[in-house]
Structures are given as structure tokens and as C-alpha cells.
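Novice: sequence first, then the predicted structure, then my questions.
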Protein chains: 2
Amino acid sequence: MATVRAALVQEASAQFTSRQPLVLVVDDDPDVRASLQDMFESVSLETAVFESTAEMLQHGIPDRPCCLVLDLRLPGTGGLEFQAQLREMNQFVPIVFITGHADVATSVRAMKAGAIDFLPKPFRQQELLDVVSHALRTEGEKHRDGGERNTVRRLGESLTPRETDVLRGVARGLLNKQIAYELGITEITVKMHRSSAGRKLKSISVADMLRKIDLLGI
Amino acid sequence: MATVRAALVQEASAQFTSRQPLVLVVDDDPDVRASLQDMFESVSLETAVFESTAEMLQHGIPDRPCCLVLDLRLPGTGGLEFQAQLREMNQFVPIVFITGHADVATSVRAMKAGAIDFLPKPFRQQELLDVVSHALRTEGEKHRDGGERNTVRRLGESLTPRETDVLRGVARGLLNKQIAYELGITEITVKMHRSSAGRKLKSISVADMLRKIDLLGI
DNA sequence: TGGCTTCCCATACCGAGGTATGGGGCGCGG
DNA sequence: CCGCGCCCCATACCTCGGTATGGGAAGCCA
């Protein structure tokens, strides 16, 4: 029963995987927050503003196309450290830095760490808007691509250990016979696992199966 | 005969595909050129220096792991424009910018355009050395990966049009029967093309063939 | 304990791919 | 002109993968 519920929740979240994009703003200056929120919402971009990185982390990173507008200098965790933290958490949200205290070394550091832009204040609002919308567009595409992978990954979870063993062999282009030998079992049993795995992954063709296998990272 | 010669030349170039790395330096200041060349050669890195981007283009981009140390401000074509030019020519040499006239906007522009670093003068020599060696290491790996692709690509050149048609179908996971229907020919003929293509690509297994097919971009 | 999953094995049959061996037609270049 | 490569077709045979239908053994949990 519990597992059924979990499955349903996953289904639901999968359905909304390509939802409306969201702009995240972290800046300690209330005026800047308000002004940016106004700007983004004036072009119908949903926006969430935060005073600090800690506050943002509390809300968690939502599962939708995001773009983070991040002040470089912040009380508590600064922009660059936060960028590093997100990276460590495997959260690859595109980041646009904004700052009143820009210098070349910092900007280069931020960009090398994967920021998509770095705007010294003052900047033209349109400039920020362009960068953010472009990022959201590409994020949207990534999200869709990721959706397919998640679907496959969910299918893959139902695979038994033995089945993944067999699939590893298949991916290497081995014959059932050879796989059987390597695993120390019969070819017939390999066939069982293989076809069972094929059913679970809903693969009609070998090509399809191979694609899904390396999508699963097996 | 001519084609045999060509084939031999290709063989030869393929053999040397993962040669020693090379540092390219473009700077209009003779002192800088000399000093950088000394530095790189002191750690046994082969180095080629140029006074202008035009001069470098004349020599062509060598087929080996490269890293370009590029002055931002140059007589003639400037650093940023040159970066754009290389991009248009599909030459993805990693670029480290060095400049005495650094500003944030320029550095960000350079990084967004794909530069791997941006060092305002004066910088510590060791810093540049670290960046360049790191770049050369990753380039070396890329080069090796590309080698395998080139090998396959060469094999792929001997494929007849019809054979690639069939392979397209195989990649889509179609049955020979279906491929035959789509091409308006018999299943038997499809088998012929398929096995012939398999021989040419030296693929023993289906998995192997599929890998090579998308390596060929079919 | 009984029921569940997982893993293992076997026989038999079918459809698909691979190969070998026949053949014919077309176009291009020595 | 003839040879060569490409494209097409056919028959026959073998192997491989997929499936169906039997079964047995071990572990886990209500």
C-alpha cells in the first residue's frame, strides 16, 4: 500500500516535470528585491525572493526550470560560496550574479565556476531580463530531456540485481551464451532475466534497450 | 594509386593524433612573448609565439592538444574577435586571455564566449602555468577520444549510400523487414547491406554497431 | 506456516538475423 | 569492350533471441 502511494506521488510529480519557469532572487537589499520582483512579474515570470541563501535553502530548490539571480555580497554565506554549495549538492541551477562591488578576479572566478553571467550594478534591467529568459528557455529544454531519463530510471528501479548483471553483458554486446558463462549460469536463465528486464524497461527493440541501459548508467 | 597515397597519409596522421601538446602565444609585446616562451619551455612545453592573430592563422591550427594564450588588446584583430573567428571556424582551442587593460565587462564577455581563464597583468607566472597545463591535460584526453571517432569515421567512408540507409533503420531499432518496407526493397537485400556494413565497420555485435552508428552521426 | 519474490533449470517452438551460393541489371572508367 | 562496384533478388541453412510452459530451491515477511 505504501509503495503504491509512493508510486502515485512520483507519477504526479512526473506529470508536472515541465511546469512554468521560476526566477529565484537572493539579495539582502529589500529595495533591490522588490524592484527585481516587479520587473520579472511584469513579464509574467513567477518570482521568489529571498533575503539570504539560508532562507532560500530552507524552501528547497523546486523541481521546475529555474534561474537564480544572486547577489555576490551577502550577510552569512556569500554568493560564491553558495554557488559552490549548490554544486556540491548536485544542484545545477543557472546563476546570474549581480553586484555593486565588482572586480575582474571575482567575476572570472564566478564564471569559471559555471555562472551564466555576471552583472555589475548598475545594469540595464533589460540586460538582466534577456539573460534570465534565455537561461529559462534552455533550462526548460533540459527539464524535458531529464523527464525521459527519470521515467526510465523509475522503470529501472524495479530491476533485480541479477537482471542488471545480465543487462551489463548485453550492453557490452555479449551473446547470451557468454553472459551465462561469465555469471556462471545457463543461457536459458540469462534469457529469462533478459526478457524480464526488457519487459520492465518496456523496450521493444535491442536498440531501445541499449539506449535505456546507458541512460540508467549501468 | 592516388587514393592509396591518401589513405596512407591518413593512417600516418591518425598515428600521431595524440602527439605532444603545444602552447600557442599571441602577444604584440616582444618582451612578453620571449618571457612566456621561456617559462613554458622551462617546463618542457613546446611553444609557438606570434605577434598577431593573422600570423597565427597563417600557420594554421596544428592537429594536436593545444592551448592558446591570447592577449586581449592587439593591433589588427583583437582577442575577442579572434575568439569569435575561431568559434566560427569550429576550432575549439581552449583560450586563456591575458591583458593589461582588464575590466569586468570584457572579462565576463570573454568567459561567456568560452575562454577557460582571464588573467589581468600582472599575474603570477605559476598561475598561468597551472591553467595552461590543466587545459592541455583535458585537451589530450579529448584528442584521444576524438581519435577513436576518426577511426570509425574513416571506416564509415567506405559505406555505400544504401548501406547508410539501412543503418539508419537499424539505429532506430527497426526489424530488417520494416527497413525493407521503408526502402521499398526485400528483406534479403536489407540483410546483405546490413552485413556488408557490419563488415566494413568491423562490428562484431549489434551493440558495437549501434555505438559506431551514432559515432558516425547517421 | 503459507505466500511472495527471486533465482535457477529444462524442453520445445518460432521468428529474426547472418551467411553462403546462386543469379541479373546498371553505370563508370580503363 | 570488359571489368568492377553497386544494387537488387532468391533458396537454403545455422545460430541467436524471445516466449511459453513446465518445474525446484532459498529467503523474507505477515
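Specialist: In hand now; what should we look at? Residues are numbered from 1 along each chain as shown, chains lettered A, B, ... in the order given.

Novice: please count neighbours and contacts with C-alpha atoms only from this point.
Specialist: Will do.

Novice: what is the least confident helix or strand in chain A?
Specialist: Least confident helix or strand, chain A: helix A:2-15 with a mean of 34, by mean pLDDT, DSSP states H and E.

Novice: I'd like the next helix or strand past it.
Specialist: Of the helices and strands lying after helix A:2-15 in sequence (DSSP states H and E), the nearest is strand A:22-26.

Novice: A:E148: which element?
Specialist: Using DSSP H and E, A:E148 falls in helix A:125-157.

Novice: elements contacting the next helix or strand after that helix?
Specialist: For helix A:125-157, the succeeding helix or strand toward the C-terminus, using DSSP H and E, is helix A:161-171. If contacts are counted by 3 or more Cα pairs under 8 Å, 6 or more residues apart in numbering or on different chains; DSSP states H and E, helix A:161-171 sits against helix A:176-183, helix A:187-200, helix A:206-215.

Novice: hmm, the first one touching DNA strand D?
Specialist: By that I understand helix A:176-183. Yes: contact of helix A:176-183 with DNA strand D (Cα under 7 Å from any atom of the strand) involves A:176-177.

Novice: over to the second one?
Specialist: Yes: between helix A:187-200 and DNA strand D, judged by Cα under 7 Å from any atom of the strand, the touching residues are A:188, A:191-192, A:194-196, A:198-199.

Novice: let me know whether A:L201 touches A:L155 as I believe.
Specialist: Yes: contact status for A:L201 versus A:L155: in contact at 5.6 Å, counting by Cα atoms under 8 Å.

Novice: between these two, which is the more surrounded one?
Specialist: The neighbour count for A:L201 versus A:L155, taken as other Cα atoms under 10 Å in any protein chain shown, is higher for A:L201 (22 against 17).

Novice: against DNA strand C, how distant is that one?
Specialist: Going from A:L201 to DNA strand C by Cα to the nearest atom of the strand, to the nearest Å gives 14 Å.

Novice: most packed of the helices and strands packed on helix A:161-171?
Specialist: Across these, the average number of neighbours (mean count of other Cα atoms under 10 Å in any protein chain shown) peaks for helix A:206-215, which reaches a mean of 19.

Novice: could you say what helices and strands that one packs with?
Specialist: helix A:125-157, helix A:161-171, helix B:206-215.

Novice: how about that helix and DNA strand C, touching?
Specialist: No: shown here: helix A:206-215 not in contact with DNA strand C (Cα under 7 Å from any atom of the strand), separated by at least 9.5 Å.

Novice: is that helix anywhere near DNA strand D?
Specialist: Yes: interface with DNA strand D: helix A:206-215 contributes A:V206 (Cα under 7 Å from any atom of the strand).

Novice: how about the residues of chain A near DNA strand D?
Specialist: Counting by Cα under 7 Å from any atom of the strand, the residues of chain A that sit close to DNA strand D are A:174-177, A:188, A:191-192, A:194-196, A:198-199, A:206.

Novice: what is the orientation angle of the helix holding A:E148 with helix A:206-215?
Specialist: Comparing the axes of helix A:125-157 and helix A:206-215 via axes from the mean of the first three to the mean of the last three Cα atoms, to 10 degrees yields an angle of 110 degrees.

Novice: next, count neighbours for the residue of chain A found nearest DNA strand D.
Specialist: Chain A approaches DNA strand D most closely through A:L175 (3.5 Å), counting by Cα to the nearest atom of the strand. Look at A:L175: counted by other Cα under 10 Å, it has 14 neighbours.

Novice: so A:S203, which of the three states?
Specialist: Assigned with DSSP: H, G, I helix; E, B strand; the rest coil, A:S203 falls in the coil class.

Novice: who are the contact partners of it?
Specialist: A:M209 (Cα atoms under 8 Å, 6 or more residues apart in numbering or on different chains).

Novice: same thing with A:E46?
Specialist: A:20-23, A:40.

Novice: tell me what it is bridged to.
Specialist: Bridge pairing for A:E46 (DSSP bridges) gives the partners A:L22.

Novice: how far away is it from A:R137?
Specialist: Look at A:E46 and A:R137: by Cα to Cα, to the nearest Å, they are 14 Å apart.

Novice: also A:E41?
Specialist: Counting by Cα to Cα - A:E41 and A:R137 are separated by 17 Å.

Novice: next one: A:A34
Specialist: On the measure of Cα to Cα, A:A34 and A:R137 end up 24 Å apart.

Novice: hang on, A:L70 in a strand?
Specialist: Yes: counting by three-state DSSP, A:L70 is part of a strand.

Novice: what's across from it in the sheet?
Specialist: A:V26, A:F97.

Novice: ok so, going back, and which of the residues of helix A:187-200 next to DNA strand D is nearest chain B?
Specialist: Ranked by distance to chain B (Cα to the nearest Cα), the residues of helix A:187-200 next to DNA strand D are led by A:G198 at 13.9 Å.
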